[in-house]
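Student: fold the stuff below for me.
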Amino acid sequence: MSVVCIEFKPGLEGVPATQSSISHVDGQLGVLEYRGINIQELAKKSSFLETAYLLIWGYLPSKEELESFEHDIRYHRRIKYRIRDMMKCFPETGHPMDALQTSAAALGLFYSRRALDNPEYIRSAVIRLLAKIPTMVAAFQLMRKGNDAVQPKDDLDYAANFLYMLNEREPDPLAAQVFDVCLTLHAEHTINASTFSAMVTSSTLTDPYAVIASAVGTLAGPLHGGANEDVITMLSEIGSVENVRPYLEKCLETKAKIMGFGHRVYKVKDPRAIILQELAEKLFEKFGYDKYYEIALELEKAVEERLGHKGIYPNVDFYSGLVYRKLGISSDLFTPVFAIARVAGWLAHWKEQLTENRIFRPTQIYTGEHNISYTPIQER
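Tutor: Below you'll find the predicted structure:
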């Protein structure tokens with residue numbers, strides 16, 4: 001009898017799960033591309049919504065196509081009053097990611113027809129999810145403080161409108177521009193945990209609202225999107241530049257994770273971290289310094305000295321929290337903001353999955369026993 005040898009790889013590390021033309025990462029050179037365009041170029045020249053269009057439909061839109069896309073998203077920013085009423089019943093102590101997952105799933109009650117062979121249904125789902133997710137994040141933030149949600153402002157662009165709904169005032173143009181770049185940087189990153197979750201859910205041919213809700217739930221974990229929140233906690237614990245190296249030594253001795261460092265793919269500094277650091281410095285120059293930045297710089301230097309030979313450098317989470325802090329975004333909203341951006345990538349993979357769909361059904365390596373007799377309850 002022949003025996004089939006199956007190699008087990010924990011976390012499916014390095015195992016191809018699909019073929020995709022959406023994004024590409026070269027972890028050795030520190031390259032990230034969306035549809036073949038380098039992330040540095042998109043960060044400088046594009047906008048988040050143009051980038052979202054590129055990711056989802058596969059090409060840069062014409063002026064008319066982009067204007068139509070932006071117009072439709074502005075028109076659909078508002079959420080049903082029943083969803084707002086539901087959100088008012090959420091516990092004030094609940095985490096915003098839990099509120100977002102529930103709210104995203106609730107959209108399916110109003111808009112899901114599962115007409116996945118209808119291009120108009122696909123487009124309308126893309127529009128609604130991109131438009132309404134930011135509104136729901138901002139609404140819960142105000143509601144948990146006992147305030148009414150701020151209605152979207154139609155004359156503001158995507159990034160500026162979110163900051164307006166969140167802070168109840170129109171943002172400085174630089175703040176809005178920086179936030180738009182942040183959304184672009186977080187929009188897509190190949191087959192990470194939340195994207196894979198979206199793809200598995202997509203493969204069952206359920207509705208896109210369930211797809212996004214499943215991805216949000218996966219992103220909420222501290223080993224994925226939640227890491228940027230933990231970076232700020234870590235910098236706060238370190239407290240001063242003088243404490244950086246003792247803190248690092250303790251982490252190394254106890255084998256504790258150093259938040260914001262290391263990546264499954266990148267063995268050099270994350271290209272998004274490089275851009276985010278530049279954005280942080282722009283904000284500090286205009287709006288004032290952040291004492292945590294000096295700590296972050298010293299920690300990056302110390303980690304590179306001790307762990308650089310192992311390919312451990314800052315990832316996207318390390319500097320993003322410093323940017324969000326300066327934009328007036330509370331730390332437990334960092335991951336929901338990540339989700340606002342990543343909806344674009346999730347939808348791109350959902351749409352791609354539909355083209356040649358096959359339901360995911362991986363196998364396993366059984367490690368249990370065989371031929372065990374049932375023991376009656378009286379004998380246990």
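Student: which of the helices or strands spans Ser68?
Tutor: Assignment of secondary structure by DSSP states H and E places Ser68 within helix 63-75.
Student: for the stretch 151-300 of the chain, which segments count as helices?
Tutor: Listed in chain order, the helices of the stretch 151-300 of the chain (DSSP state H, counting those that start in this stretch) span 158-167, 173-185, 193-202, 208-219, 227-238, 244-254, 271-287, 291-307.
Student: er, the stretch 1-150 of the chain I mean
Tutor: Taking DSSP H, counting those that start in this stretch as the criterion, the stretch 1-150 of the chain contains helices spanning 39-45, 48-57, 63-75, 81-88, 96-111, 119-143.
Student: helices and strands around the second one, which ones?
Tutor: So the one you mean is helix 48-57. The helices and strands touching helix 48-57, judged by 3 or more Cβ pairs under 8 Å, 6 or more residues apart in numbering; DSSP states H and E, are strand 31-34, helix 63-75, helix 119-143, helix 158-167, helix 173-185, helix 334-355. Using the backbone N, CA and C atoms, a C-beta is placed for each residue, glycine as well.
Student: swap the cut-off to 6 Å and go again
Tutor: Counting contacts by 3 or more Cβ pairs under 6 Å, 6 or more residues apart in numbering; DSSP states H and E, helix 48-57 is packed against helix 63-75, helix 173-185, helix 334-355.
Student: just the first one next, same as before
Tutor: Of the remaining helices and strands, those touching helix 39-45 by 3+ Cβ pairs under 6 Å, 6+ apart are helix 173-185.
Student: and if we set it to 8 Å?
Tutor: Applying 3+ Cβ pairs under 8 Å, 6+ apart, we find helix 39-45 packed against strand 31-34, helix 173-185, helix 271-287.
Student: among the ones you listed, which is nearest Phe8?
Tutor: Phe8 lies closest, by Cβ to Cβ, to one member of the helices and strands packed on helix 39-45: strand 31-34, at 29.5 Å.
Student: for the closest one, the averaged confidence score.
Tutor: Confidence for strand 31-34, expressed as mean pLDDT, is 98.
Student: next, the buried residues of the worst-scoring helix or strand of the chain on mean pLDDT.
Tutor: For the chain, counting by mean pLDDT, DSSP states H and E, helix 227-238 ranks last in confidence among helices and strands (a mean of 91). For helix 227-238, the neighbour count (16 or more other Cβ atoms under 10 Å) marks Ala227, Asn228, Glu229, Asp230, Val231, Ile232, Met234, Leu235, Ile238 as buried.
Student: now the last one, nearest residue through space, not along the chain?
Tutor: Spatial nearest neighbour of Ile238, chain neighbours left out: Tyr247 (4.9 Å); criterion: Cβ to Cβ, 6 or more residues apart in numbering.
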